[in-house]
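**Q** 3D, please:
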Amino acid sequence: MRDVLSGSFAAPRWTFWPPDRIRVVNWNIDRGLRLEDIIAFLEAQRADILVLQEVDLYARRTGFRNVAEEIAKTLRMNYVFGYEFEELIQGRRGAPAYHGQATLSCWPLGNSRILRFREQSNFWKPKWFLPHTEPFQPRRGGRIALITEVEVGGRRLIIYNLHLESRADDRLRRMQLSETLEDAKKYVDSEPVVVAGDLNVDLSRSYSSAAVLENLGFHSAIALPPAHTTTARGLFRHRRSIDWVYLAGPVKSISGGVCDDVNASDHYPIWFELKLTDTDQSGR
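**A** Below you'll find the model as predicted:
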């Protein structure tokens, strides 16, 4: 599962300079279970770039759809999908199911690749003493960063689409985040970089995790912390602020927010607008 899946459905663009504002939506879409509602919201956003986590590919629970491709076709965008896990009880005979991240844009996408973290949880691995049934969710694979270059009017924007481990403590997530930023070092001095996703940690409460980003010059794309980015999800699971977007390099955040009235997933979408700057004008 080292490759990425891609498709191109956007109309050609002949713009030779970046727009004044680039609109981005980051969202954990809960596998695409409510796909029609998800597409309706994203269509209304008219975003230039979508950074999506928990995206199903040929899984039973989402009707064996290629969720990323259906979104891309409807919105006339290009997409790349990164394979995070093979879902062992969601496929059909001879047709495995997968789960991962997808980055979409109306601009061309290139040089997409997967960074599969060295540090992983063993929680998802199949175990002989556990039945292969839905509550145990047996999987093969591991958490990833999906890295994609977006060609925006003659400029290159680097997107890191993250889904850090949920079944572990902040130490493991901090190590996965550090692996991401170690990879990003090659870009941040000269290229605009976006690190976005479901980090499964509240950076407003975890100083050591936030410091990993800040020490490399990253800053939040919106006025975080928000009140929450997830729903309550049951009696004992409170709302949390675990979805984050950070920027570094020659890029400036203009505005943004959390759409906490959207009920198409167990996470809320984060939207923000950014502007590419000259290399000596990076920052907010």
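**Q** Tell me how many other residues crowd the residue lying closest to residue 6 once chain neighbours are set aside.
**A** Spatial nearest neighbour of residue 6, chain neighbours left out: residue 80 (4.7 Å); criterion: Cβ to Cβ, 6 or more residues apart in numbering. Where you see a C-beta, it was placed from the backbone N, CA and C, and this is true even at glycine. Residues within reach of residue 80, counting by other Cβ atoms under 10 Å, total 26.
**Q** Correct me if wrong: residue 80 contacts residue 147.
**A** No - look at residue 80 against residue 147 with Cβ atoms under 8 Å: they stay out of range, at 9.5 Å.
**Q** which neighbours do these two share?
**A** residue 112 (Cβ atoms under 8 Å, 6 or more residues apart in numbering).
**Q** tell me the average confidence for stretch 110-122?
**A** The pLDDT scores in stretch 110-122 average 94.
**Q** Look at it and report the distance between its end residues.
**A** Across its full length, stretch 110-122 reaches 32 Å end to end, with Cα to Cα, to the nearest Å as the criterion.
**Q** Could you do stretch 18-35 as well?
**A** Length of stretch 18-35, first residue to last, Cα to Cα: 31 Å.
**Q** Just the buried positions in it, please.
**A** 18, 22-35 (16 or more other Cβ atoms under 10 Å).
**Q** Inside strands: which ones of these?
**A** The strands, defined by DSSP state E, take in 22, 23, 24, 25, 26, 27, 28, 29, 30, 31 from the buried residues of stretch 18-35.
**Q** Which single helix of this structure contains the most residues?
**A** Under DSSP state H, the helix in the chain containing the largest number of residues is helix 170-188.
**Q** Could you give me the buried positions within that helix?
**A** Residues of helix 170-188 classed as buried under the neighbour-count rule (16+ other Cβ under 10 Å) are 170, 172-181, 184, 187-188.
**Q** In a markdown table, list the residues you listed along with distance to residue 90.
**A** Output for the buried residues of helix 170-188, formatted as a markdown table (distance: Cβ to Cβ, whole Å):
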| residue | distance to residue 90 |
| --- | --- |
| 170 | 29 |
| 172 | 25 |
| 173 | 25 |
| 174 | 30 |
| 175 | 28 |
| 176 | 24 |
| 177 | 28 |
| 178 | 31 |
| 179 | 27 |
| 180 | 27 |
| 181 | 32 |
| 184 | 32 |
| 187 | 35 |
| 188 | 37 |
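**Q** farthest-separated two in those?
**A** Pairwise distances across these (Cβ to Cβ) peak at 25.5 Å, for the pair 170 and 187.
**Q** Quick check: residue 57 touching residue 4?
**A** No - with contacts counted by Cβ under 8 Å, residue 57 stays clear of residue 4, the gap being 11.3 Å.
**Q** Spit out the residues that contact those two alike.
**A** Overlap of the contact sets of residue 57 and residue 4 (by Cβ under 8 Å, 6+ apart) consists of 81, 83.
**Q** Neighbour count: these two, which is higher?
**A** Per other Cβ under 10 Å, whichever of residue 57 and residue 4 has more neighbours is residue 57, with 27 against 22.
**Q** excluding its backbone neighbours, what's nearest residue 189?
**A** Nearest residue to residue 189 in three dimensions, chain neighbours excluded: residue 249, at 7.1 Å (Cβ to Cβ, 6+ apart).
**Q** my bad, residue 161
**A** Nearest one to residue 161, counting by Cβ to Cβ, 6+ apart, is residue 146 at 4.1 Å.
**Q** Please apply the same query to residue 86.
**A** Nearest non-adjacent residue to residue 86, counting by Cβ to Cβ, 6+ apart: residue 140, 4.5 Å away.
**Q** isn't the one you found right next to residue 88, touching?
**A** Yes - look at residue 140 against residue 88 with Cβ under 8 Å: they come within range, at 6.6 Å.
**Q** how about the helices in the stretch 1-150 of the chain?
**A** 35-45, 67-75 (DSSP state H, counting those that start in this stretch).
**Q** Adding mean pLDDT, write those out as JSON lines.
**A** Below are these laid out as JSON lines (pLDDT from 0 to 100):
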{"stretch": "helix 35-45", "mean pLDDT": "98"}
{"stretch": "helix 67-75", "mean pLDDT": "98"}
